[in-house]
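A.B. asks: have a look at this prediction, sequence included:
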Amino acid sequence: MEIKEFIASGVLELYVLGELSETESTEVMHMAAKHPEVAAELKDIELGLESVLQKLGKQPNTDLRESILQSVNYTTVAEVGETPVIPLHSNKLYAYALAACFTLLIGAGLGMYNFWSKWQFAEKQVVALQDDNRAIIDRLNFVQTNFTQSMQILRSPAFTKHMLKGTENYPGMQAMLHWNTTDKTVMLDLIQLPNNDLQHQYQLWAIVDGVPVDAGIFDVSKEGANAMIKLKDIQKAQAFGVTLEPKGGSKSPTLEKLYLFAQI
């Protein structure tokens, strides 16, 4: 085999990577000892591989680097006619290449984990935005429905309006009661009434022949501000009042908690 063909065959690269059998490695060593151009090419391959590995992998410590450099240096003698001796060192380079690949694998794994974490965070943000959008849409639908209902009540001649005002203990409180004298529907438009807590609810009372009659319970919250509330139908009444009662309502009004009152 011609020297150029031997060099171009790729056997030198396989030798450096430690992929040849012992017999094949011995043949490469023999060719390098016999032909200086083979020895020079082999050295260039080894130094080139070392340079690539240093760029891709971690920088080896000083002792390891010196050991590798010494292993790729050929023994040079001064006497004319003597040829260089090539040590069998491909296993060290193979281990070095394996370490660099392992480093790259760890780096790739960390990169993928970082990407996955960011993707998870972004997905949660999207879900949160979707929930916010749904809440906003629900609120807008509620406002629109309530507005439409309010306009129908205000324009209907069947409804009579009665302003419920704050009592002496609760001045400044207000609500507009709309009472349909035809179908007896009662609607309460809250104007000024504080939010109730989870343990209490407001209760509307209709005073019928001097006797308080339960007209329904309701809550006041920030979300339901300015809402029109439908309560129980009332056939007749001489007055209306609103008290704050334990959750679920009471059989009789707590007069100490009478917030609103109006004669009809």
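C.D. replies: Yes, it's here. Numbers count the residues shown, from 1 in each chain.

A.B. asks: now stretch 3-12: average pLDDT?
C.D. replies: Here stretch 3-12 scores 81 as its mean pLDDT.

A.B. asks: which SSE is immediately downstream of the host helix or strand of Ile217?
C.D. replies: Using DSSP states H and E, Ile217 falls within strand 211-218. Remark: after strand 211-218, the chain's next helix or strand is strand 228-231, criterion DSSP H and E.

A.B. asks: which strands and helices sit next to the strand or helix carrying Glu37?
C.D. replies: Glu37 is part of helix 36-56, with elements assigned from DSSP H and E. Helix 36-56 sits against helix 3-8, helix 11-16, helix 22-34, helix 62-72, helix 90-155, with contacts defined as 3 or more C-beta pairs under 8 Å, 6 or more residues apart in numbering; DSSP states H and E. From N, CA and C alone the C-beta is placed, and that goes for glycine too.

A.B. asks: ok now the first one, how far from the chain's centre?
C.D. replies: To tie it back to what came earlier, the one meant is helix 3-8. In terms of C-alpha atoms, centre = their mean, to the nearest Å, the centre of helix 3-8 is found 59 Å from the chain centre.

A.B. asks: output the contacting helices and strands for it.
C.D. replies: When contacts are defined as 3+ C-beta pairs under 8 Å, 6+ apart, helix 3-8 packs onto helix 36-56.

A.B. asks: tell me which residues of the helix it packs on come out buried.
C.D. replies: By neighbour count on 16 or more other C-beta atoms under 10 Å, the buried set for helix 36-56 is 38-39, 41-43, 45-46, 49-50, 53.

A.B. asks: got those residues as JSON lines, with distance to Tyr259 columns?
C.D. replies: What follows is the buried residues of helix 36-56, written out as JSON lines (distance: C-beta to C-beta, whole Å):
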{"residue": "Val38", "distance to Tyr259": "105"}
{"residue": "Ala39", "distance to Tyr259": "104"}
{"residue": "Glu41", "distance to Tyr259": "100"}
{"residue": "Leu42", "distance to Tyr259": "99"}
{"residue": "Lys43", "distance to Tyr259": "98"}
{"residue": "Ile45", "distance to Tyr259": "94"}
{"residue": "Glu46", "distance to Tyr259": "94"}
{"residue": "Leu49", "distance to Tyr259": "88"}
{"residue": "Glu50", "distance to Tyr259": "88"}
{"residue": "Leu53", "distance to Tyr259": "83"}
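
A.B. asks: would you check which pair of the residues you listed lies furthest apart?
C.D. replies: Among these, the pair separated by the greatest distance (C-beta to C-beta) is Val38 and Leu53, at 22.8 Å.

A.B. asks: returning to that earlier point: ranking the helices and strands packed on helix 36-56 by mean pLDDT, which is last?
C.D. replies: The stretch with the lowest mean pLDDT among these is helix 62-72, at a mean of 51.

A.B. asks: could you export the buried residues of helix 36-56 as CSV, including distance to Leu105 and pLDDT?
C.D. replies: Compiled in CSV, the buried residues of helix 36-56 are given as follows (distance: C-beta to C-beta, whole Å; pLDDT from 0 to 100):
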residue, distance to Leu105, pLDDT
Val38, 34, 84
Ala39, 34, 87
Glu41, 31, 87
Leu42, 29, 82
Lys43, 29, 85
Ile45, 24, 82
Glu46, 24, 79
Leu49, 19, 71
Glu50, 20, 70
Leu53, 14, 61
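
A.B. asks: how distant is stretch 217-235 from the center of its chain?
C.D. replies: The answer for stretch 217-235 is 38 Å, by C-alpha atoms, centre = their mean.

A.B. asks: quick one: terminal-to-terminal distance for that stretch?
C.D. replies: 18 Å (C-alpha to C-alpha, to the nearest Å).
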